[in-house]
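Colleague: can't give you the sequence, but here's the structure:
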């Protein structure tokens, strides 16, 4: 049995992986998937992939492209979620701030540098017409850290996936002032290059399995109820999320790689542009 370490965020996007593991679909191909949830998100996952502590990861597109640009020995093997990620923009539930304009000079809580919450803060600021050179960040590690920071009077705002934070908005812990969707497909599957060289056959089997699950995922009877129960969500919110979400089963488009790089370059988050071959596994 070939052991493969795969990492991802503990969110509803990754339920197809857990279903495939529970049903023995990988084991049927001779693969033992060792899954690890990484609540710190993409910044931490890029580190684990770069060091070889993880073989594969389900990771934000902009985060892994920036990391590979900076020397991470990983490659994108496939698109995973083709639709944009909807980033909610949050402040403490008791904050007097009610509009995005009021956030211009405020600190930003991020899980870590290089994370989606970090990179998308630049995208959002640029969309608002703010000077992105003036952004100040506070590292809070994960969602729990964000709750502690904002509730503790930091005055920061925090960007995180809209539906994951919805229960915190409903409870009054957070106040959402708006949303910022990614301008590209949000999640890809990436792998460490050493692992790719040694285990291309295993990678092919893993992709075949997960693609069979994601292509049929929305048609599973009562999948909305399963998601709502597993992730502590309201059924109507999960139905809304499912209606917005599309899974992909093919390699990321090279034009998308260029688009992401160009936006990061404009923001000063990468130093140069590379051809798509640097990022995409053939």
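Modeller: All right, it came through fine. If you're wondering where the values come from, they're calculated on a predicted model, not measured in any experiment.
Colleague: Below-threshold pLDDT in the stretch 101-250 of the chain: ranges please.
Modeller: For the stretch 101-250 of the chain, no stretch is flagged by pLDDT under 70.
Colleague: which residues does the most centrally placed residue in the chain bridge with?
Modeller: Closest to where the C-alpha atoms of the chain average out (C-alpha atoms, centre = their mean) is residue 60, at 3.8 Å. For residue 60, the beta-bridge partners under DSSP bridges are residue 187.
Colleague: Quick check: it touching residue 84?
Modeller: No. Here residue 60 does not reach residue 84: they are 11.2 Å apart, not a contact under C-beta atoms under 8 Å. Where you see a C-beta, it was placed from the backbone N, CA and C, and this is true even at glycine.
Colleague: in the host helix or strand of residue 214, what counts as buried?
Modeller: Using DSSP states H and E, residue 214 sits within helix 200-216. If you call a residue buried by 16 or more other C-beta atoms under 10 Å, then helix 200-216 has these buried ones: 202, 203, 205, 206, 207, 209, 210, 211, 213, 214.
Colleague: which strands and helices sit next to the helix or strand just after it?
Modeller: Using DSSP H and E, the helix or strand that follows helix 200-216 in sequence is helix 223-231. Judged by 3 or more C-beta pairs under 8 Å, 6 or more residues apart in numbering; DSSP states H and E, helix 223-231 is in contact with helix 15-22, helix 235-244.
Colleague: Could you identify the helix or strand that succeeds the first one?
Modeller: Where DSSP H and E defines the elements, the next helix or strand beyond helix 15-22 is strand 31-37.
Colleague: Run the angle between that following strand and helix 200-216 for me.
Modeller: 70 degrees (axes from the mean of the first three to the mean of the last three C-alpha atoms, to 10 degrees).
Colleague: Give me the mean pLDDT for the helix or strand that comes right after strand 31-37.
Modeller: As assigned by DSSP H and E, the chain's next helix or strand after strand 31-37 is helix 42-51. Mean pLDDT, helix 42-51: 96.
Colleague: How about stretch 265-272?
Modeller: Averaged over stretch 265-272, pLDDT sits at 95.
Colleague: contacts for it?
Modeller: Residues from elsewhere that reach stretch 265-272 (C-beta atoms under 8 Å, 6 or more residues apart in numbering): 66, 69, 70, 119, 122, 123, 126, 132, 133, 261, 264, 273.
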